[in-house]
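>>> below is the structure, and that's it, no one-letter string:
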């Protein structure tokens, strides 16, 4: 993003960000008050500092997997470049979780971190679009498992049908989004190029460069298949880490129940994509979905808040390091200017 664009963007986004953040904070407060501060605090205390460190380390493996999935969608790069994409995914996660941006803002910051390390801009943006498609496709498979578990365990019970229909509707929306996203990539490259140029004018010089890179990727279906497989493993890995976190809180829930609850939670969380970090939406979804599979609402809310703490502990140093690298690169360019 150019300096002028980076200065203009906050002015355009500020009112919407303030409103979305206020909505998220209000929803988070309501959820905590409704569930109860004391039981939630007690659950968080049970994990302890050592447990939190273990929980954090387990999560790092998930982010690394996500970075490798992104790298898989970028053909023609040596294996040594995998670390660049892993770094970019860490930056993307930190920006999405901690900065007052929508998910699109986090995506673009992650792309910038990869471009800054010497990867061609068209390839970075093309691989990002393909990676997003693979992630949505994997989420559809992941969420279908949650819907199936809900049908098997709760169908016919009181109050289950509205939630079942809502979850099924959410999955259908994800399927439609994946199909539309693929069609847009293949047929609307010029529009995508214009959108990229609006958000990051220096990012994509010409739309045809993006089209060439996309066509090159889609001519390699094995890469797309591998990217989807890696994203599936990341979704399952994320829920496994949550299951591990609950065990650290002395909540001995079956793994399948956590997988099912989280798969449906993420469907609901997707609806809050305009709220920074889905603040409040994630917590409400945990409280709603957890009890359907025998997972106590206070413990699920505590898990969500522990995740927020984890995101801060991981994301803040990553963003500080990214800013330091950006500042160093800017200083180097300034010294090189005659």
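Sure thing, it's come through. Just so it is clear, the structure is predicted and the values come from calculations on it, not from any experiment.
>>> show me where pLDDT drops low in the protein?
Scanning the chain for pLDDT under 70 picks out 1-14, 101-103, 154-161, 163-164, 181-182, 184-208, 338.
>>> now the helices for it?
In the chain, the helices defined using DSSP state H lie at 3-35, 37-72, 82-98, 103-115, 121-154, 160-187, 189-199, 207-218, 221-248, 255-270, 281-289, 297-336.
>>> what does the third one rub up against?
Residues lying outside helix 82-98 but in contact with it, judged by C-beta atoms under 8 Å, 6 or more residues apart in numbering, are 63-64, 66-68, 70-71, 74, 101, 103, 105-107, 109-111, 113-114, 117-119, 277, 311-312, 314-316, 318-319, 322. From N, CA and C alone the C-beta is placed, and that goes for glycine too.
>>> repeat that for 6 Å
Contact with helix 82-98 is made by 63-64, 66-67, 70-71, 103, 106, 109-110, 113-114, 117, 277, 311, 315, 318-319, 322, as judged by C-beta atoms under 6 Å, 6 or more residues apart in numbering.
>>> list only those of these flagged as buried.
Listed as buried from these are 63-64, 66-67, 70-71, 103, 106, 109-110, 113-114, 277, 311, 315, 318-319, 322; burial here means 16 or more other C-beta atoms under 10 Å.
>>> tell me how far the closest residue to residue 97 other than its chain neighbours lies from residue 51.
Using C-beta to C-beta, 6 or more residues apart in numbering and skipping the chain neighbours, the partner closest in space to residue 97 is residue 311 (4.1 Å). According to C-beta to C-beta, to the nearest Å, residue 311 stands 17 Å off from residue 51.
>>> over to residue 287?
For residue 287, the distance to residue 51 equals 22 Å [C-beta to C-beta].
>>> comparing those two, which residue is more hemmed in?
Comparing residue 287 with residue 51 by other C-beta atoms under 10 Å, the one with more neighbours is residue 287, at 21 against 17.
>>> which ones are touching the closest residue to that one other than its chain neighbours?
Of all residues not flanking residue 287 in the chain, residue 297 sits nearest, at 4.6 Å (C-beta to C-beta, 6+ apart). In this structure, residue 297 makes contact with 35, 287, 290, 291, judged by C-beta under 6 Å, 6+ apart.
>>> same check, this time on residue 276
So residue 276 contacts 21, 100 (C-beta under 6 Å, 6+ apart).
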